[in-house]
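Peer 1: Compute the structure for the input listed below.
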Amino acid sequence: MLLGQLVTTALLTSVVSGCTGPMESTSANKLLTLSTCKRIEVYISSASEIFYDGHPSYHQGIDHWATSSSQRAICVFEPGLAEDVAIALQILGETRTPFAVKGGGHATNPGFSSTLGVHISMIRFSDITYNSLTRTATVGAGMVWDDVYAALAQHGVVVVGGRVSGVGVAGFTLGGGYSWLTEQYGLAVDNVEEYELVMPNGTVIAVSESSSPELFFGLKGGFNNFGIVTKFTLRTFPQSLVWGGLLIMDGTVFERLVDAVQDFLENNVDPRAAVIVNYNILAGSKVAFVILFYDGPEPPKGLFDDFMDIEAYQDGDVVPSIPYPSSNIQGGFKNLSSTKLGQHYGTQCGLHPYFMSIALEPYIFLHKLGSATGSISRGAFPPPSARGTGVHPLLLYAAWEDPAMDEQMYDTVRTIMETLKEKLAVATADEVNTLVVQDPDGDGATSMPTLIPPPELYGNYAMVGTPVEDIYGDNLPRLRKLREEVDPKNIMRLAGGWKF
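Peer 2: Numbers count the residues shown, from 1 in each chain. Predicted structure coming up:
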């Protein structure tokens, strides 16, 4: 059975169960944390501030794209200098106060960039500097990709960054970073030249492959295990107009869509082309969102015909040439409004309290980039084993309104992924597919037998509770040794996230 069919079946045959709510901090813990907030407030410079509940900046600080990821911290600390981050880290370590670090606020796991303790919002690190001589951009850890793309557009360059609007630079880059440009240039971590890092001991250092090779390795996918990154220096690439947009299809065309995805996987020879297919249950009905992308004003004739020929809900024609920023890419097609779409499915099936989606993201050429890009595979993520074959990250997304459904929905996600793993295990045992690898420069094609790849466990997609072994693989012993050397007092373990 094809991977797309397995994904769809797993989504549509899963069940829902379970339910609970978040933990509350004790009064004693609140008082101790408040004391820590006051102490930080005394020692930081005028470039930084502390905010408490009731202040607009407090609520902006704890806010997340997914409301289930927000927690009511005792205070929000907005540092404006790396040195003030260092002061706060030392105080947090001395008092053993739980804390969190938020960049853009797009994390969906509760407690990963939120806390009931001291919430560090990096929003003041919002500067970007382009260096035309080194062809790099230095980007603050509080920026979102929309603003990065807008700032770099005037220079005619782009960086390997996020694909949808509102995603923050910090979490995306520290976790790996799959991009529209990944097939050409690798992941975001493959294109970092330098990090400005506040270490757990309060030292502020610049980390590069030449200055600190082991720490550089760890930061490339290692999230917040080694300190707090305040700036990223990223490689840039020339960028003109791109082509792309969104198609919305109902469940009656899923079989044709699966065939189109498989054909793209087997026959596409152009690393400038990318596809993301979302198989969804929306208001009780099956619906697919198909995002097409081409890094150029117009794709080669016929490249996306299998997708464009499928009947879709859309109000107009393709807008072929648009600027690169990710917020525009999903609006390239004049697609059906959400209101109109909701009315269509609502009248057919009645309203349901949740929306669920599995996004399939096939990367065909990524495993070939090792020889072309110097730093490819020399990082915490992905582990070498994940670079060896075609990579197909899966994003399982669920949305709901009632907080009482939190645990119920988490269990649903677990059930779906276990179903998918079981089906893939059976398929891998029963079938061997042939992966055709073709060189876009014209050196011919090589056919090689390969087992159906398992779902890629990607830290920015993985659900809380996932074993870190499943994300970092053989790199984990090396990362644990590095963490012990960099953070012997376990200060960064006071923050949430994937811990070594």
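
Peer 1: doesn't residue 104 make contact with residue 64?
Peer 2: No: under the criterion of Cβ atoms under 8 Å, residue 64 makes no contact with residue 104, lying 9.2 Å away. For the C-beta atoms, the positions are set from N, CA and C on the backbone; glycine is no exception.

Peer 1: Give me the more crowded residue out of the two.
Peer 2: residue 104 (25 against 19; other Cβ atoms under 10 Å).

Peer 1: Look up the closest residue to that one, ignoring the ones flanking it.
Peer 2: In space, and not counting its chain neighbours, residue 104 is closest to residue 168: 1.8 Å by Cβ to Cβ, 6 or more residues apart in numbering.

Peer 1: Dihedrals phi and psi, the one you found?
Peer 2: phi -80, psi 150 (degrees, to the nearest 10).

Peer 1: Could you pull up the contacting residues of it?
Peer 2: 102, 103, 104, 105, 106, 142, 143, 144, 145, 162 (Cβ atoms under 8 Å, 6 or more residues apart in numbering).

Peer 1: so how far is residue 103 from it?
Peer 2: Plainly put, residue 168 is 4 Å away from residue 103 if you go by Cβ to Cβ, to the nearest Å.

Peer 1: any shared contact partners between the two?
Peer 2: The contact lists of residue 168 and residue 103 share 142, 143, where a contact means Cβ under 8 Å, 6+ apart.

Peer 1: The helix or strand that contains residue 276: partners in the sheet, and parallel or antiparallel?
Peer 2: Per DSSP states H and E: residue 276 is located in strand 273-282. Sheet pairing of strand 273-282 (DSSP bridges) gives strand 285-294 (antiparallel), strand 354-360 (antiparallel).

Peer 1: Just the buried residues of the helix or strand harbouring residue 38, please?
Peer 2: Here residue 38 sits within helix 27-43, counting by DSSP H and E. For helix 27-43, a neighbour-count test (16 or more other Cβ atoms under 10 Å) marks 32, 33, 36, 37, 39, 40 as buried.

Peer 1: surely the second one meets residue 74?
Peer 2: Yes: taking Cβ under 8 Å as the definition, residue 33 is a contact partner of residue 74 at 4.2 Å.

Peer 1: what residues do these two have in common as contacts?
Peer 2: Going by Cβ under 8 Å, 6+ apart, residues that sit against residue 33 and also against residue 74 are 116, 117, 118.

Peer 1: tell me which strands and helices the helix ranked longest in the chain is in contact with?
Peer 2: Across the chain, the longest stretch assigned as helix under DSSP state H is helix 406-430. On a contact count with 3 or more Cβ pairs under 8 Å, 6 or more residues apart in numbering; DSSP states H and E, helix 406-430 meets helix 3-12, strand 354-360, strand 394-400.

Peer 1: Where among those is average confidence lowest?
Peer 2: Among those, helix 3-12 carries the lowest mean pLDDT, at a mean of 50.

Peer 1: Neighbours of the nearest residue to residue 224 once chain neighbours are set aside, how many?
Peer 2: Counting by Cβ to Cβ, 6+ apart, residue 224 lies nearest to residue 497, which is 5.3 Å off, once chain neighbours are set aside. Residue 497: 22 surrounding residues under other Cβ under 10 Å.

Peer 1: try residue 268
Peer 2: 21.

Peer 1: tell me, how many neighbours does the closest residue to it other than its chain neighbours end up with?
Peer 2: Among residues not flanking residue 268 along the chain, residue 364 sits closest, at 6.2 Å (Cβ to Cβ, 6+ apart). By other Cβ under 10 Å, 25 other residues sit near residue 364.

Peer 1: hey, what's residue 290 bridged with?
Peer 2: residue 247, residue 277.

Peer 1: Quick check: the gap between it and residue 360.
Peer 2: 10 Å.

Peer 1: Same check on residue 499?
Peer 2: According to Cβ to Cβ, residue 499 and residue 360 sit 29 Å apart.

Peer 1: ok, these two, which is more surrounded?
Peer 2: Shown here are residue 499 and residue 360; by other Cβ under 10 Å, residue 360 has more neighbours (22 against 14).

Peer 1: thinking the more buried one is in contact with residue 392, fair?
Peer 2: Yes: Residue 360 is in contact with residue 392 according to Cβ under 8 Å; the separation is 6.4 Å.
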